[in-house]
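In: Mind looking at a prediction? Sequence and model below.
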Amino acid sequence: MKKTKKTAAKTAAKQRTVQKQVARADRKSDAEPAPMQAGAREYPVPPFPKQHLPKPGLETDVRHAPMYDAPYYLGSRKLQDKVAIITGGDSGIGRAVAVMFAREGADIVLMHLAEHEDAALTKKKVEAEGRKCIVIAGDVRKRAFCEKAVQKAVDTFGRVDVLVNNAAFQVHTKDIADLTEEHFDETIKTNLYGYFFMAQAAIPFMERGSAIINTGSATGLHGSKHLLDYSTTKGGIHAFTRSLAGNLIGKGIRVNAVAPGPVWTPLNPSDKEAADVAKFGADTPMKRPAQPEELSPSYVFLASAQCSSYITGEILPVIGGY
């Protein structure tokens, strides 16, 4: 019995030693780690300038301009001579995707709502990559507009190879009682009907090997208490993506989605209060929001038959870690 007690006492002493070692290590690591930088260049971190923009939000008005041109990314003809339609292509993720697609050899049909100055700059950047670009302004909530836009793309370029559904409406509400029917309807019509109308209009012109890429969201994966309507539509987009992918297997058209976490675009300063914009993205594991150029290679990957011919119906999260 004495031996047993002695052994137990030794074990307890060892455990206290380990406990002290861990306590010392904890004190050393109490400092908060810096926001993660793992890209080809350094990206801005919170705090950002406090700012709030009127809808739809112009990129030219965003302080700390979003980074979209990916200067270290070299194209390798992954989309050579393809034609891509991008809704919400004037700014943010849409602009970055337009520039990246052009660098990979695609001509661009850029659709936007009313951000004419932003759209003009994006067109200029696409053309600087040596590709053609047409700009079409209008409302994706309207079926007739979507059909006319697709027809203009076909009349101009003779084909449609890639459709990127990216246009979105987002405004937060903190209490469900304050979410009006008008607000809910605006979100549903833009984010769901817009994707449906564009897909339905484009598919008849798409051949085997074409691709549809929908912009989903991390909010569609895990919800958002202040974005009830927006996260509902993004979850719907994910389900739409998987369902449409199955529907189009026989036509040889792949359908996938990118689900971004926080991305520094005009969408957020035109939604959040100025104080919330200042700390945007700080709650991710990387402790910063993505820049648009950190998202656009995902769209290239999903658009390119050389990269993702065996991928359809997938939701690709790009959310800064778990």
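Out: Perfect, I can see it now.
In: number of nearby residues for Tyr43?
Out: Using other C-beta atoms under 10 Å, Tyr43 has 20 other residues around it. Every C-beta, even on glycine, is put in place using the N, C-alpha and C of the backbone.
In: Can you give me the buried ones in the helix or strand encompassing Thr122?
Out: In this structure, Thr122 is located in helix 116-128 according to DSSP states H and E. With burial defined by 16 or more other C-beta atoms under 10 Å, the residues of helix 116-128 counted as buried are 118-119, 121-123, 125-126.
In: For this protein, give me the ranges with low pLDDT.
Out: Counting by pLDDT under 70, the chain shows low-confidence ranges at 1-2, 29-30.
In: Going along the chain, name the strands of it.
Out: Using DSSP state E, the strands of the chain run over 83-87, 107-112, 133-137, 162-165, 211-215, 254-260, 315-318.
In: what would the ones you listed look like in CSV with mean neighbour count?
Out: As requested, the strands of the chain are exported to CSV (neighbours: other C-beta atoms under 10 Å):
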stretch, mean neighbour count
strand 83-87, 28
strand 107-112, 27
strand 133-137, 18
strand 162-165, 28
strand 211-215, 26
strand 254-260, 26
strand 315-318, 18
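In: Distance to Met286 added to these, as CSV?
Out: Formatted as CSV, the strands of the chain follow (distance: least, C-beta to C-beta, whole Å):
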stretch, distance to Met286
strand 83-87, 26
strand 107-112, 29
strand 133-137, 32
strand 162-165, 25
strand 211-215, 20
strand 254-260, 13
strand 315-318, 11
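In: And the furthest pair within the buried residues of helix 116-128?
Out: Spatial extent of the buried residues of helix 116-128 (C-beta to C-beta) is set by the pair Asp118 and Val126 at 12.8 Å.
In: right, and Glu294 touches Gly39 too?
Out: Yes. Taking contacts as C-beta atoms under 8 Å, Glu294 lies within contact range of Gly39: 6.4 Å.
In: So between these two, which is more surrounded?
Out: Glu294 (23 against 14).
In: residues contacting the more buried one?
Out: Residues in contact with Glu294 (C-beta atoms under 8 Å, 6 or more residues apart in numbering) are 39, 43, 263, 318.
In: Ile108 now?
Out: Shown in contact with Ile108 (C-beta under 8 Å, 6+ apart): 83-84, 86, 89, 98, 101-102, 123, 126, 131-134.
In: what does Ala70 give?
Out: Contacts of Ala70 by C-beta under 8 Å, 6+ apart are 40, 96, 99-100, 103, 293, 296-297.
In: and the residue most central in space within the chain, bridged to which residues?
Out: The residue lying closest to the centre of the chain (C-alpha atoms, centre = their mean) is Pro260, at 4.0 Å. Per DSSP bridges, the residues bridged to Pro260 are Val318.
In: Identify the residues contacting it.
Out: So Pro260 contacts 93, 215-218, 290, 295, 318-319 (C-beta under 8 Å, 6+ apart).
In: can you do 10 Å?
Out: If a contact means C-beta atoms under 10 Å, 6 or more residues apart in numbering, then Pro260 has 92-93, 215-219, 234, 289-290, 292, 294-295, 298, 316-320 as its contacts.
In: And it, how far from Ala282?
Out: 16 Å (C-beta to C-beta, to the nearest Å).
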